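Engineer: predicted structure and sequence below. I'll ask about it afterward.
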Amino acid sequence: MIRPLPEELRGLLARGEVLFSLRDVVRELLENALDAGAKRVRVELYGGGRERAFPEGNTWRAFPEGNTWRAFPEGNTWRAFPEGNTWRAFPEGNTWRIVVEDDGQGIPLAELPLAVEPFATSKLLDPGRITALGFRGQALYALRQAALLRIRSRPRFQVGGGLLLAQGERVEVREVAAPPGTRVEVVGWEGEGSEREVAELLRRYLLHYPWLSLAFFAEGEARLLFPGAGLKEAARLAFGRVLAERLLPVEREAGGMRLQGLLSGPQASRTRPDLLFLAINGRPVAWPEGLLKTVRRAYRELLPEGHFPVGVLNLTLPLEAFRLRLDARKEEVAVLEEAEAFVEEGLREAFQRHNLARSLPEPRPLMPLSPPTPSGLPRLRYLGQFRESYLLAEAGDTLYLVDQHAAHERVIYEEFLRRLKEEGLKALPYPVLVELSPLEESLLPERKEVLASLFALEAFGPGRVRLLAAPSFLHPYPLLLPEIFREALRGEGKSLTELLARLACLPAVKAGHPLSRTEGQALLDALLQCQTPWVCPHGRPTLLALKEEDLIRRFGRRSGARAGEESRPRRPEEGLPEEPWPRGG
């Protein structure tokens, strides 16, 4: 039931609604439809600087007087009225007629006048437990002050509908025939905006409401028709078909929280999170800083520093797990650390289900190399070495190219992590003295946590510390220990994992180093034992994959090896030399 908000709740809400743009108007009306439980929504736009007349029957009639238009809707026709204390329509210029129609629950006839009053809503009882998209009760009132507002609505249980006409301080309601649902028409709204911005808005909402059947028309022409076909189809609308096919499903449910969405692997990223969308309990929101850092942390080994994935996350949380700012935008939220941990775990589970490898672009017109199969990495058979830097290997119908330095870095890095976890710190054979500059000494308190994960130490006079214990894999390098300590102290490895990644780089086999067949196969086997074999500790890809079908297409062959069979070396017929070229296509 629509009711005026009590004074104590009004005091929590800033006055006025932000309706600076066409996008804002459509957003408010769309959210009202979604709050009403609509399954079908139709959005229409007319205008944008092109003055429109009014329909009467199947024709258009206009009523100009000076620089203004005076008209009044009645039933399904438009009638003109004289000036005075009657209705005014809209002036020429950059004006819009906006229509949003839905099949939601509708507004009872008796409540229609309240719907356009300030601080009147059915959606806000407790500001700490907001479940609706709209709750401030001011959007329709703001539209009424700026334009001619026409609302036709009928709940399913009500016989006949109601028609409300409102502009400025004048409001009129009468009974009319109407289908179930609500149709809101805003005539003569003046403001900035474009059809493109509205289309972008609607595509964003479909990412969070992929079951919604939505139709968008501009100047009577269909611009977007979506039948509620699910999240994958909504992603194709929002990101394009090519990028949408690269998005990985994310799903997790635990402790009253649920995560669903689609996110890119390392093949697609951007330097800004402008194509990374979030909704909490169905509300499109801006990314809270902590939650965005959580996503970036989960992608730390998959994307370069400063890059963000592409996609959408729909997060359902208990009401006590987040707080919404009660301003007019209604898009700033803060979430508890438990929710951040839940999202991070959900992303890591998704990455474990999908082996990932970043593919690098090739010179045009060839298609980009494809990543390894999502089902997992099979055992790789060593074939050879290219330019003493890359290993060539095969598995099934796929050729793999492995960066030997990046692969060895990953192997050493995970060995460091495993030994540090299993063995911890071990006492050094003898303490190692480290001389510190005044600046380095001042950094000791703030870097205490990172240092404690790698060293046990004690102060040993001004500007000196003694290292008493370190991971066992550092014991063979006593001369390097002071430099490693200073590097950790200066923050060149901002975290333990970054520091270990830098350490793993030192002993890893370098590009240009020849490997024997035995050494190459051993490196491949060790790589496949890693938990994250597809990227090095710094986030670069360790391997790329090229399927046989890609080779067939690029060489213009009709077929390759028989389906289901691996290629095998063919023994030459006895007494005859091996043919220099293969037979067939």
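Structural biologist: Ah, there it is.

Engineer: next structured bit after the host helix or strand of Leu417?
Structural biologist: Assigned by DSSP states H and E, Leu417 belongs to helix 404-423. From helix 404-423 onward toward the C-terminus, using DSSP H and E, the following helix or strand is strand 425-435.

Engineer: tell me which other helices or strands the helix holding Leu417 touches.
Structural biologist: Using 3 or more CB pairs under 8 Å, 6 or more residues apart in numbering; DSSP states H and E, the elements in contact with helix 404-423 are strand 390-395, strand 464-471, helix 496-505, helix 517-528. Backbone N, C-alpha and C define where each C-beta goes, glycine included.

Engineer: and that helix, how far from the chain's centre?
Structural biologist: 31 Å (CA atoms, centre = their mean, to the nearest Å).

Engineer: residues in contact with it: which ones?
Structural biologist: Residues outside helix 404-423 that contact it (CB atoms under 8 Å, 6 or more residues apart in numbering) are 385, 389-391, 453, 471-473, 497, 500-501, 503-505, 507-511, 513, 515, 520, 523-524, 526-527, 529-533, 535-538, 540-543.

Engineer: how about Leu149, what does it touch?
Structural biologist: Leu149 sits next to 116, 140, 143, 164-167, 184-187 when contact means CB under 8 Å, 6+ apart.

Engineer: repeat the analysis, applying 10 Å as the threshold.
Structural biologist: Residues near Leu149 by CB atoms under 10 Å, 6 or more residues apart in numbering: 115-116, 140-143, 164-168, 171, 184-189.

Engineer: any idea how far Pro180 is from it?
Structural biologist: Distance from Leu149 to Pro180, counting by CB to CB, to the nearest Å: 21 Å.

Engineer: that older thread, out of the contacts of Leu149, which end up buried?
Structural biologist: 115-116, 140-143, 164-167, 171, 184-189 (16 or more other CB atoms under 10 Å).

Engineer: just the residues you listed: which are in strands?
Structural biologist: Taking DSSP state E as the definition of strands, those contribute 164-167, 171, 184-189.

Engineer: could you work out the most separated pair of the residues you listed?
Structural biologist: Greatest spatial distance among those (CB to CB): Val171 and Trp189, at 17.6 Å.

Engineer: I'd say Arg272 and Trp287 touch.
Structural biologist: No - with contact defined as CB atoms under 10 Å, Arg272 does not reach Trp287; the gap is 11.2 Å.

Engineer: which one's more surrounded, the two?
Structural biologist: Trp287 (18 against 9; other CB atoms under 10 Å).

Engineer: check which helix or strand covers that one.
Structural biologist: Going by DSSP H and E, Trp287 is not in any helix or strand.

Engineer: same check, this time on Val99
Structural biologist: Assessed by DSSP H and E, Val99 sits inside strand 95-102.

Engineer: show me where pLDDT drops low in the chain?
Structural biologist: Applying pLDDT under 70 to the chain picks out residues 1-19, 48-94, 119-129, 131, 134-137, 326-330, 355-376, 491-495, 559-585.

Engineer: which parts of it belong to which domain?
Structural biologist: According to automatic domain parsing, the chain comprises the domains 3-51+93-229, 232-353, 381-543.

Engineer: got the ones you listed as TSV, with distance to Arg557 columns?
Structural biologist: Putting those into TSV (distance: least, CB to CB, whole Å) gives the following:
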stretch	distance to Arg557
domain 3-51+93-229	37
domain 232-353	25
domain 381-543	14
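
Engineer: in stretch 513-527, what counts as buried?
Structural biologist: The neighbour-count check on stretch 513-527 (16+ other CB under 10 Å) flags 515, 519-521, 523-524, 526-527 as buried.

Engineer: now that stretch: how far from the chain's centre is it?
Structural biologist: The answer for stretch 513-527 is 39 Å, by CA atoms, centre = their mean.

Engineer: as CSV, could you dump the C-alpha coordinates of it?
Structural biologist: C-alpha atoms of stretch 513-527 as CSV (Å, rounded to 0.1, in the frame of the first residue of the first chain):
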residue,chain,number,x,y,z
HIS,A,513,69.3,-22.0,-22.8
PRO,A,514,69.3,-25.4,-24.7
LEU,A,515,67.4,-28.3,-23.1
SER,A,516,67.8,-32.0,-23.8
ARG,A,517,64.8,-34.1,-24.6
THR,A,518,64.9,-35.6,-21.1
GLU,A,519,65.1,-32.1,-19.5
GLY,A,520,62.3,-30.7,-21.7
GLN,A,521,60.0,-33.6,-20.8
ALA,A,522,60.8,-33.3,-17.1
LEU,A,523,60.0,-29.6,-17.2
LEU,A,524,56.6,-30.3,-18.9
ASP,A,525,55.8,-33.0,-16.3
ALA,A,526,56.7,-30.7,-13.4
LEU,A,527,54.6,-27.9,-14.9
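
Engineer: can you pull out the strands in the stretch 101-250 of the chain?
Structural biologist: Listed in chain order, the strands of the stretch 101-250 of the chain (DSSP state E, counting those that start in this stretch) span 120-121, 148-154, 161-167, 170-176, 181-190, 213-218, 221-227, 247-254.

Engineer: need those in CSV (columns: distance to His408).
Structural biologist: Formatted as CSV, the strands of the stretch 101-250 of the chain follow (distance: least, CB to CB, whole Å):
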stretch, distance to His408
strand 120-121, 63
strand 148-154, 68
strand 161-167, 72
strand 170-176, 76
strand 181-190, 64
strand 213-218, 52
strand 221-227, 49
strand 247-254, 27
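
Engineer: quick one: which of those is nearest Val432?
Structural biologist: Closest to Val432 of the strands of the stretch 101-250 of the chain is strand 247-254 (CB to CB; 45.2 Å).

Engineer: quick check, distance from the closest one to the centre of its chain.
Structural biologist: Offset of strand 247-254 from its chain centre (CA atoms, centre = their mean): 12 Å.

Engineer: partners of the next helix or strand after it in the sheet?
Structural biologist: Later in the chain than strand 247-254, the nearest helix or strand by DSSP H and E is strand 257-264. Applying DSSP bridges, strand 257-264 is found paired with strand 247-254 (antiparallel), strand 311-316 (antiparallel).

Engineer: any idea which of these is most buried?
Structural biologist: Ranked by mean neighbour count, these are led by strand 311-316 with a mean of 24 (mean count of other CB atoms under 10 Å).

Engineer: that one: how far from the chain's middle?
Structural biologist: For strand 311-316, the gap between its own C-alpha mean and the chain's C-alpha mean amounts to 7 Å (CA atoms, centre = their mean).

Engineer: can you dump the C-alpha atoms of it in PDB for me?
Structural biologist: The C-alpha trace of strand 311-316 is given here as PDB (Å, rounded to 0.1, in the frame of the first residue of the first chain):
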ATOM      1  CA  GLY A 311      31.700  -9.500 -17.200                       C
ATOM      2  CA  VAL A 312      29.000  -9.300 -14.700                       C
ATOM      3  CA  LEU A 313      28.500 -10.600 -11.100                       C
ATOM      4  CA  ASN A 314      25.000 -10.900  -9.500                       C
ATOM      5  CA  LEU A 315      25.400 -11.200  -5.800                       C
ATOM      6  CA  THR A 316      22.600 -12.100  -3.400                       C
END
